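Novice: here are the coordinates; sequence isn't available:
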C-alpha cells in the first residue's frame, strides 16, 4: 500500500504547481523605453513599449499614466506615448498592457530625473555715462568667470538719448580698457549695441555652457 499512496501524493503536488500560473515561456516579454542621453527641461519626449517576443495573435491595449512633474501629451491607447518632462521634480511614466495571457507581467514604470537647465546670470548693470568700471564689479565678474569655466560674457549696451552713437562708442572703449585687460586670456565676449533703445545702460551677463543668451 505504501508505494501506491506515495505515487498519488506526488501527482497531486505536480497538478497544483502547474495550476498556479502561466509558464514563463508562454508570456511575451516587453520593455518600457524612455528618452536616452541628455533630457531638456520642458521638452516633449517619447516613451514606447518594445516587444521582445511576437504578439501578433493578441489584441493588446495600452494605458499610460504619469506622475511627478511629467505631463501626458499624446499616445493613449498606443504603444508610443509623448510626455513633457520637467526638472522641478522626478518624472514617472507607467504603462499597463491589457490582453496578455493571465499571469503574465503586464505593467512597467520608468522614472527620469532632469538636471535644471543652466541660465544666464546678470553680473553687473550701469546706468548713465560710464567712465570706468568700479573695482568691486570687476572683481565680481572675474570671480564668476573663474567659477564657471567655459562661460561667455554677454554685454548689452545702449546709448544716451542726446548722442547715442557717441555714447555707445565711449562705453565700448571703457569695456575694452577696464574689463578685458583684467583677464589673462580674453574670454568669449558678445557685445550687443542698441541704437534705438537709448536708455543709457550697460548690462553684463554670464552665460554658462548650454544656457540661452539673455532676452535683451
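Specialist: It's in. Fair warning: this is a prediction, and the values are worked out from it, not measured in the lab.
Novice: quick one: the closest residue to residue 208 other than its chain neighbours from residue 214, how far?
Specialist: Using C-beta to C-beta, 6 or more residues apart in numbering and skipping the chain neighbours, the partner closest in space to residue 208 is residue 118 (4.2 Å). No exception for glycine: its C-beta is placed from N, CA and C like everyone else's. From residue 118 over to residue 214 the distance is 13 Å, taken as C-beta to C-beta, to the nearest Å.
Novice: also residue 159?
Specialist: Remark: distance between residue 159 and residue 214 (C-beta to C-beta) = 19 Å.
Novice: these two: which has the busier surroundings?
Specialist: residue 159 (23 against 16; other C-beta atoms under 10 Å).
Novice: which residues touch the more buried one?
Specialist: Neighbouring residues of residue 159 by C-beta atoms under 8 Å, 6 or more residues apart in numbering: 165-168, 171, 193-195, 198, 200.
Novice: any idea which element the residue nearest to residue 208 lies in?
Specialist: Assigned by DSSP states H and E, residue 118 belongs to no helix or strand.
Novice: now the residue nearest the centre of the chain: how far from residue 30?
Specialist: For the chain, the residue nearest the mean C-alpha position is residue 40 (2.5 Å; C-alpha atoms, centre = their mean). Note on residue 40: its distance to residue 30, by C-beta to C-beta, is 27 Å.
Novice: now residue 206
Specialist: Here the criterion is C-beta to C-beta. By it, residue 206 lies 46 Å from residue 30.
Novice: neighbour count for those two, which is higher?
Specialist: Higher neighbour count among residue 206 and residue 30: residue 206, with 24 against 21, using other C-beta under 10 Å.
Novice: now the end-to-end length of stretch 78-90.
Specialist: 24 Å (C-alpha to C-alpha, to the nearest Å).
Novice: that one: which residues count as buried?
Specialist: Residues 79, 81, 83-87 are the ones in stretch 78-90 that count as buried (16 or more other C-beta atoms under 10 Å).
Novice: could you do stretch 202-216 as well?
Specialist: Neighbour-count burial for stretch 202-216 flags 202-208, 211, 214 (criterion: 16+ other C-beta under 10 Å).
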